[in-house]
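Colleague: heads up, no residue letters with this:
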């Protein structure tokens, strides 16, 4: 990987793209440190301890990782690219549900440009809603130094503009940089927390320990990280190839076709989407409760028939801060819901993005078939059967990767802000970016060969 980037720096065109990408990322990280105007930083600190926990590894850790710490600081980039990610997922789902959008997608480059434009508008709309909810919901509780219309509008404008700028920066990196602009901004946000996490782990498990225990702890931590990365690589690159055979056809005086191919089905067919959906569903009640001034920590019964206390207890089941806590293991039951949601969304998302019947019909039209399987419905049934097995394997692997940080955090007090979701994204984007850089170098070599 490092050799690829070293060789890329020797090529002028690719070097410019890499330097442009680096410059944009520096600007992004600087913006994450600039606080929004009119924000009460003391209240922000208290609010983040309530949401994330004093160790920064609470139930909203995934949000903290995605925003690169800008949400915890309530900076101008507090929303970061999360509105864009949400709008992209919404548009992907709507493209399948709305025929007009599906037609746009099938129109080629022009259709994709129209969908991209709609995605931008949806992103700005979501940013307005999210920043407005925070400015109004938390503003009345002390988020703003002075709760008035001017400060509310200022915060909404600053955060919406920040999110729109990051969307623009991501598109520029895709166009003039190494590609995958939004994904690269996302992983730089995630990676930004690694040094502080490494320091935290060092102070917790190695510093002030005996040499033997310190070395043992260091070896265990490295082993866990390496095993996790290897599992993520398997989930990212692992595929189940279904062999295909194409019938021979006579065209004129020539025999055409008869070649073989395959349908690659990724082990992790839905990517990181199931984890994001599952986490979002569990986090939403926590965020809303904090916005209305109820954080669920009250021990006395409040409200009608004690519903305030009951709701507070339910919030603890949904909050990852309380999972695998040795003193209160009862709240770990909440992780069962989390695992169920991850597996459910793995099947759900794959079912709307991979259509076995459509693939079977296209194969039949092209004269292709799976050896030993009749064309048409039998092929569709076979693809469904294989797909269900593959999805289950991928969902189980994804669940293990997503759950492991909560186990170590709860049982051993390993306070880190990144989790399995973050590592899946980082490893996947790095692999994809390296492949893109290699392909650009390969294209350049081919062009040079042709010019010679």
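Modeller: Good, I have the coordinates. Since the model is a prediction, treat every value here as computed from it, not as a measurement.

Colleague: quickly find the element holding residue 264.
Modeller: strand 260-266 (DSSP states H and E).

Colleague: helices or strands up against the next helix or strand after that strand?
Modeller: Next helix or strand after strand 260-266 toward the C-terminus (DSSP H and E): helix 273-291. Helices and strands touching helix 273-291, by 3 or more Cβ pairs under 8 Å, 6 or more residues apart in numbering; DSSP states H and E, are helix 41-52, helix 61-67, helix 82-97, helix 109-137, helix 307-318, helix 334-353, helix 377-412, helix 420-451. Quick note: C-beta positions are derived from backbone N, CA and C, even for glycine.

Colleague: mind running it again at 7 Å?
Modeller: helix 307-318, helix 334-353, helix 377-412 (3 or more Cβ pairs under 7 Å, 6 or more residues apart in numbering; DSSP states H and E).

Colleague: can I get the ones you listed in TSV including distance to residue 281?
Modeller: Listed next are the helices and strands packed on helix 273-291 as TSV, based on distance: least, Cβ to Cβ, whole Å:
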stretch	distance to residue 281
helix 307-318	9
helix 334-353	6
helix 377-412	14
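
Colleague: between the ones you listed, which one is closest to residue 202.
Modeller: Closest of these to residue 202 is helix 377-412, at 14.4 Å (criterion: Cβ to Cβ).

Colleague: show me what counts as buried in the closest one.
Modeller: 379-380, 382-383, 386-387, 390-391, 393-395, 397-399, 401-406, 408-410 (16 or more other Cβ atoms under 10 Å).

Colleague: ditto for stretch 358-378
Modeller: So for stretch 358-378, counting by 16+ other Cβ under 10 Å, buried means 359-361, 363, 368-370, 375.

Colleague: please narrow those residues to those residing in helices.
Modeller: Among these, the residues falling in helices (DSSP state H) are 359-361, 363.

Colleague: now render the residues you listed as JSON lines, adding distance to residue 330.
Modeller: Converted to JSON lines, those look like this (distance: Cβ to Cβ, whole Å):
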{"residue": "359", "distance to residue 330": "46"}
{"residue": "360", "distance to residue 330": "48"}
{"residue": "361", "distance to residue 330": "51"}
{"residue": "363", "distance to residue 330": "52"}
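
Colleague: by pLDDT, give me the weakest of these.
Modeller: Lowest in pLDDT among those is residue 363, which has 81.

Colleague: quick one, what contacts it?
Modeller: 244, 369, 375, 379 (Cβ atoms under 7 Å, 6 or more residues apart in numbering).

Colleague: name the SS class of residue 244, please.
Modeller: strand (DSSP: H, G, I helix; E, B strand; the rest coil).

Colleague: isn't it up against residue 372?
Modeller: No: under the criterion of Cβ atoms under 7 Å, residue 244 makes no contact with residue 372, lying 11.7 Å away.

Colleague: pLDDT weak spots in the stretch 151-300 of the chain?
Modeller: Within the stretch 151-300 of the chain, the segments meeting pLDDT under 70 span 248-258, 290-300.

Colleague: quick one: the helices in it?
Modeller: 181-191, 194-205, 211-237, 273-291 (DSSP state H, counting those that start in this stretch).

Colleague: which of those helices sits closest to residue 265?
Modeller: Nearest of the helices of the stretch 151-300 of the chain to residue 265, taken as Cβ to Cβ: helix 211-237 at 12.7 Å.

Colleague: mind listing what's buried in that closest one?
Modeller: 217, 221, 228, 231-232, 235-236.

Colleague: can you state the direction angle for that helix and helix 194-205?
Modeller: Per axes from the mean of the first three to the mean of the last three Cα atoms, to 10 degrees, the angle that helix 211-237 makes with helix 194-205 is 140 degrees.
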